[in-house]
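Asker: build me a model:
(2 chains)
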Amino acid sequence: MSTRDELAANLTAYIDGELSELETKRLEEALKADPELAALERTMRATLQAVGRLPHPEASQALRRAVLSRLDEKTPFEKLRAFFTLPRLAPAVGLAAAAAVAVVVLKPGRADRPALDAETLFVAQNMEVLEDLDVIGLETPDDLDVVASLHELEATP
Amino acid sequence: MTVEDPDAALFMKVARGDKAAFAALFDRHQQSIVRFAFRYVGSQARAEELAQDIFVKLYKNAKSYRPDAKFKTFMFRVATNHCLNEVRRPYQHAETGMETLPDTQESPERPDAALEGRRLEKAVHLALDGMSERERAAFCMCRFEGLPYKEIASALDASEAAVKSLIHRATLQVMKQVELLKVGMSPARSEA
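Answerer: Below you'll find the predicted structure:
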């Protein structure tokens, strides 16, 4: 931006009295020296003065009545908060608590589970080992003896 | 508290539920808010609807006010946000044109002045339409409400340098529209 553009950019603030003392002095010197800039300043000042004289709407009496009558109006949040009062919440909380108790009481417990026989328990406890045996193609734990004695079998011609 | 700002003291009373204090503030500022809203929506009826909402919002949010800023700044911040939300609504775009207000300075001896006034009103309206939201807000607060740049900056949450630039750009747009209308209307005027 050239110095002249910078000065022109300050014109509105100058007219509004918003420039610092130094900026004002600098701009006023430029206005004296630059007729084009001075013409722009005059046009701008005249336009802004005319804008300031434009007619404005007058607020009606109805506005005052309308606003004052709405002061006690509840906001959506206040309406929501007003809805969830203790008398409304208490039965809902009671119902929720009853439902929770019912779920806990009626849920099938450990005692209701079918009893496991010893073999099933053994399988369950050794599932990992059994799965390994299955991977290497053995069907029963007895086959482990065969694997353990495999070197003896290999040594036998 | 801002001691020099009597509005702030009144608004603190509003925060404690004092409706009389609110009514006093309303009486003091209703014209400003209607004027400000009018420059956004171009219709007095809609401007009054917006003003209603803005004042009710101010009353409801009085407790959140901290008097480190002037009340007027706070009020215009609320007003700007509300007007911007309003003009961003899709159905707003269908609405065009601005009501022509009766010229209070119009005199039967100066019909040319009335014509000038209407032309300027139109130019300002067209320029406002072409401005960014922040340019429009800054321009209206400055030109129609006489707020200093510092307060406008506070209301818009911007720096003073930014406000200076916004107002300058907005002013150039108004000048451009005035020039365009002058050029466009010259032949018609000479024919008349």
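Asker: distance check, residue B:46 against residue B:57.
Answerer: Remark: distance between residue B:46 and residue B:57 (Cβ to Cβ, to the nearest Å) = 16 Å. For glycine as for every other residue, the C-beta is placed from the backbone atoms N, C-alpha and C.
Asker: contacts only, for residue B:52.
Answerer: Residues counted as contacts of residue B:52 (Cβ atoms under 8 Å, 6 or more residues apart in numbering or on different chains) are A:63, A:66, A:67, A:70.
Asker: so the nearest residue to residue B:79 once chain neighbours are set aside is in which element?
Answerer: Spatial nearest neighbour of residue B:79, excluding adjacent residues (Cβ to Cβ, 6 or more residues apart in numbering or on different chains): residue B:54 at 5.0 Å. Using DSSP states H and E, residue B:54 sits in helix B:44-60.
Asker: okay, which residue is most central for the chain?
Answerer: No chain specified, so I'll use chain A. residue A:77 (19.1 Å; Cα atoms, centre = their mean).
Asker: that's the wrong chain, I meant chain B
Answerer: Centroid-nearest residue in chain B: residue B:36, 2.3 Å away (criterion: Cα atoms, centre = their mean).
Asker: sorry, back to before: element containing the residue nearest to the centre of chain A, please.
Answerer: With DSSP H and E as the test, residue A:77 turns up in helix A:76-83.
Asker: which residues touch the residue nearest to residue A:19 when sequence neighbours are not counted?
Answerer: Ranked by Cβ to Cβ, 6+ apart and with sequence neighbours excluded, the top spatial neighbour of residue A:19 is residue A:13, at 5.2 Å. Neighbouring residues of residue A:13 by Cβ under 8 Å, 6+ apart: A:19, A:23, B:149, B:164, B:167, B:168.
Asker: pull out the buried residues from these.
Answerer: Buried by 16 or more other Cβ atoms under 10 Å in any protein chain shown: A:19, B:149, B:164, B:167, B:168, out of the contacts of residue A:13.
Asker: how would you label the third one: helix, strand or coil?
Answerer: Per DSSP: H, G, I helix; E, B strand; the rest coil, the local secondary structure of residue B:164 is helix.
Asker: which element is the residue nearest to it when sequence neighbours are not counted on?
Answerer: Nearest residue to residue B:164 in three dimensions, chain neighbours excluded: residue A:13, at 4.9 Å (Cβ to Cβ, 6+ apart). If you go by DSSP H and E, residue A:13 is part of helix A:11-15.
Asker: so how far is the helix or strand just after that helix off the chain centroid?
Answerer: Next helix or strand after helix A:11-15 toward the C-terminus (DSSP H and E): helix A:21-33. How far helix A:21-33 lies from its chain's middle: 51 Å, per Cα atoms, centre = their mean, to the nearest Å.
Asker: angle of the next helix or strand after helix A:21-33 against helix A:21-33?
Answerer: Scanning forward in sequence from helix A:21-33 by DSSP H and E, the next helix or strand is helix A:35-52. For helix A:35-52 against helix A:21-33, the angle by axes from the mean of the first three to the mean of the last three Cα atoms, to 10 degrees is 110 degrees.
Asker: ok, helix A:35-52 near chain B or not?
Answerer: Yes: for helix A:35-52, a contact with chain B is found by Cβ under 8 Å from any Cβ of the partner chain, at A:43, A:44, A:47, A:48, A:50, A:51, A:52.
Asker: what is that helix packed up against?
Answerer: Helices and strands touching helix A:35-52, by 3 or more Cβ pairs under 8 Å, 6 or more residues apart in numbering or on different chains; DSSP states H and E, are helix A:3-9, helix A:11-15, helix A:21-33, helix B:111-130, helix B:133-143, helix B:160-191.
Asker: how far does the longest one sit from its chain's centre?
Answerer: Distance of helix B:160-191 from its chain centroid, counting by Cα atoms, centre = their mean, is 18 Å.
Asker: with only the CA atoms kept, save the longest helix seen in chain A in PDB.
Answerer: Assignment by DSSP state H gives helix A:86-106 as the longest helix of chain A. Output of helix A:86-106 as PDB, limited to C-alpha atoms (Å, rounded to 0.1, in the frame of the first residue of the first chain):
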ATOM      1  CA  LEU A  86     -39.900 -33.100  42.100                       C
ATOM      2  CA  PRO A  87     -43.600 -34.300  42.000                       C
ATOM      3  CA  ARG A  88     -43.000 -35.300  38.300                       C
ATOM      4  CA  LEU A  89     -39.500 -36.800  38.900                       C
ATOM      5  CA  ALA A  90     -40.300 -38.800  42.000                       C
ATOM      6  CA  PRO A  91     -42.600 -41.400  40.400                       C
ATOM      7  CA  ALA A  92     -40.100 -41.700  37.500                       C
ATOM      8  CA  VAL A  93     -37.200 -42.300  39.800                       C
ATOM      9  CA  GLY A  94     -39.300 -44.800  41.800                       C
ATOM     10  CA  LEU A  95     -40.100 -46.700  38.700                       C
ATOM     11  CA  ALA A  96     -36.500 -46.800  37.600                       C
ATOM     12  CA  ALA A  97     -35.400 -48.000  41.000                       C
ATOM     13  CA  ALA A  98     -38.100 -50.700  41.000                       C
ATOM     14  CA  ALA A  99     -37.000 -51.800  37.500                       C
ATOM     15  CA  ALA A 100     -33.400 -52.000  38.600                       C
ATOM     16  CA  VAL A 101     -34.300 -54.100  41.600                       C
ATOM     17  CA  ALA A 102     -36.400 -56.400  39.500                       C
ATOM     18  CA  VAL A 103     -33.500 -57.000  37.100                       C
ATOM     19  CA  VAL A 104     -31.200 -57.800  39.900                       C
ATOM     20  CA  VAL A 105     -33.600 -60.100  41.700                       C
ATOM     21  CA  LEU A 106     -35.000 -61.900  38.600                       C
END
